Every structure is written in structure tokens, then in C-alpha cells.
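1. build me a model from this:
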Amino acid sequence: MRTVILLARHAATDNNMRQPPTLQGSGIDAPISDEGRLQAEALGNALADRSIAAVYASPLRRARETAEAVAKPHGHEVTPIPDFREADLGDWEGLSWVEISKRWPKEHEAFLADAENNSYLGGENMRNVCDRTLPALASIAQSHPEQTIVVVGHNVVNRVLLAEWMKIPLRFARKLTQNNAGYNVIEWRGDGFKVRTMNVADHLSGLPSAD
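-> As a prediction, the model looks like this:
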């Protein structure tokens with residue numbers, strides 16, 4: 001049994017486009033920005049010729065709007081995955097890393113040193129995110145044997161899953177790049193996930209970017 005999962009990150013929001021960007025987790029339900037709409041359209045065009053059986057997304061608006069751009073050429077509705085929401089960032093929601101480092105220097109340093117065991121202050125850590133999202137994705141993959149599906153997630157969610165699948169300690173997950181509206185090619189074969197391609201972003205060439 002083989003399922004192909006095209007795991008995408010949502011298109012950009014105004015928070016992503018700020019300099020410096022501000023953190024947005026499960027507590028911010030922002031729409032995609034004007035730049036994000038261009039990115040989502042480009043992602044939809046890039047996947048329009050693929051045989052897509054279903055499109056899933058985090059219930060947060062930025063992920064749903066991105067998924068709708070992907071689903072439209074295929075005539076699909078977007079199915080929400082509640083457990084695929086972005087990480088709970090606690091007290092750090094809506095702040096920049098510069099602000100966080102000034103206000104909570106010890107907690108910030110501890111998080112950067114080991115985000116697998118040290119949480120966003122008042123929120124989740126990387127292990128919490130993995131334990132929440134991985135079973136949800138496995139359940140969906142099992143329901144689509146020999147099909148290709150799209151799942152639109154978030155920066156932290158996607159990086160944590162990729163690290164877990166590639167046997168990288170989760171404390172290093174933040175080093176993995178996930179472009180807004182980029183996607184990863186993942187295979188499920190009944191006994192686990194395998195990363196085939198990571199952070200495909202050629203379709204975004206020439207578009208405004210948060211990077």
C-alpha cells in the first residue's frame with residue numbers, strides 16, 4: 001500500500017511578511033496576505049496537473065485559504081484536520097524573536113537550546129506537536145491507499161514531522177526550511193513515512209517572499 005502526501009505550508013500572512021516577522025501559532029487565525037494569495041495561486045497551478053484524491057488542511061484560516069486554491073482545480077472541498085493546527089505559542093504569540101529574547105532571556109535561551117523538551121512559554125514544545133499531529137496524518141494516509149493527497153499545514157508542524165521522519169532530533173527541527181506555499185513529497189507505505197523531496201518551491205520563483 002502506497003499513499004503519496006504532498007505536505008504544504010500555508011501561504012504568507014502579514015505576520016510572515018513583517019520585518020522582523022512575528023510569531024503566529026494556534027492563537028492567531030490570520031488570513032493570507034495579498035502576497036500570500038499569489039503564492040497560493042502558484043501552488044494551486046503547480047499541483048493542478050497532479051491526480052489529487054483529496055485536500056486536507058489545518059482548520060486555521062491561513063491554511064484553509066491556501067488549501068482552497070489547491071483544491072479548486074480538482075473540484076474538491078477542503079477537509080479540516082483539527083490536530084494539524086499550528087503549535088500553541090503561549091505567551092510568545094504575536095511577538096518577534098527580538099522582543100522575546102529581551103523579555104524572557106532565560107526561557108528564550110532554553111527554548112533555542114532544546115525546543116523538544118522546553119516549550120514556547122506557556123505553550124507546546126516540539127514533542128507535544130509531533131505527538132498530536134503524527135497520528136492524525138497516519139490515519140488520513142491509511143484511508144487513501146494508492147492515491148495522492150494534499151495536506152496544508154504550518155511551519156512548526158511541518159518541520160517537526162519532517163525531523164521525526166528523517167530521524168533528526170526534534171530540537172533541530174527549527175533548522176529545516178519550509179517556504180510559505182512550498183511543499184514536501186512524502187510516502188506512506190503502511191508501516192511509516194518516508195521523505196522523498198523536501199521544500200519544493202520552484203513554483204514561487206519571482207513572487208514576494210517572507211525569506
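
2. surely N184 is in a strand?
-> Yes. N184 sits within a strand when classified using DSSP: H, G, I helix; E, B strand; the rest coil.

3. that one bridge partners, please.
-> L7 (DSSP bridges).

4. which residues in this structure form helices?
-> In the chain, the segments counted as helices under DSSP state H are 14-17, 34-46, 61-71, 97-103, 105-113, 126-142, 155-165.

5. in the fifth one, what's buried?
-> Translated: helix 105-113. For helix 105-113, burial by neighbour count (16 or more other CB atoms under 10 Å) applies to 107-108, 111. In this view, the C-beta of every residue, glycine as well, is placed from N, C-alpha and C.

6. just the CA coordinates for that helix, please, in PDB.
-> The C-alpha trace of helix 105-113 is given here as PDB (Å, rounded to 0.1, in the frame of the first residue of the first chain):
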ATOM      1  CA  PRO A 105      16.100  35.800  28.100                       C
ATOM      2  CA  LYS A 106      16.400  32.600  30.100                       C
ATOM      3  CA  GLU A 107      13.300  31.000  28.700                       C
ATOM      4  CA  HIS A 108      14.300  32.000  25.200                       C
ATOM      5  CA  GLU A 109      17.800  30.600  25.600                       C
ATOM      6  CA  ALA A 110      16.400  27.300  27.000                       C
ATOM      7  CA  PHE A 111      13.900  27.000  24.100                       C
ATOM      8  CA  LEU A 112      16.600  27.600  21.500                       C
ATOM      9  CA  ALA A 113      18.900  25.000  23.100                       C
END
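
7. and the angle for it with helix 126-142?
-> 40 degrees (axes from the mean of the first three to the mean of the last three CA atoms, to 10 degrees).

8. packing partners of helix 105-113?
-> If contacts are counted by 3 or more CB pairs under 8 Å, 6 or more residues apart in numbering; DSSP states H and E, helix 105-113 sits against helix 97-103.

9. from the contact counts, what lies against the helix it packs on?
-> Secondary elements touching helix 97-103 (3+ CB pairs under 8 Å, 6+ apart): helix 105-113.

10. now what about the helix it packs on, what contacts it?
-> 97, 100-101, 118-121, 171 (CB atoms under 8 Å, 6 or more residues apart in numbering).

11. contacts only, for the residue nearest to the spatial centre of the chain.
-> The centroid of the chain falls nearest to H154 when counting by CA atoms, centre = their mean (2.2 Å). Applying CB under 8 Å, 6+ apart, we find H154 in contact with 9-10, 58, 60, 63, 84-87.

12. mind putting those into JSON lines with pLDDT?
-> Below are these laid out as JSON lines (pLDDT from 0 to 100):
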{"residue": "R9", "pLDDT": "98"}
{"residue": "H10", "pLDDT": "98"}
{"residue": "S58", "pLDDT": "98"}
{"residue": "L60", "pLDDT": "98"}
{"residue": "A63", "pLDDT": "98"}
{"residue": "F84", "pLDDT": "98"}
{"residue": "R85", "pLDDT": "98"}
{"residue": "E86", "pLDDT": "98"}
{"residue": "A87", "pLDDT": "98"}
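
13. could you tell me which of those residues belong to strands?
-> Residues from the contacts of H154 lying in strands, with DSSP state E as the criterion: R9.
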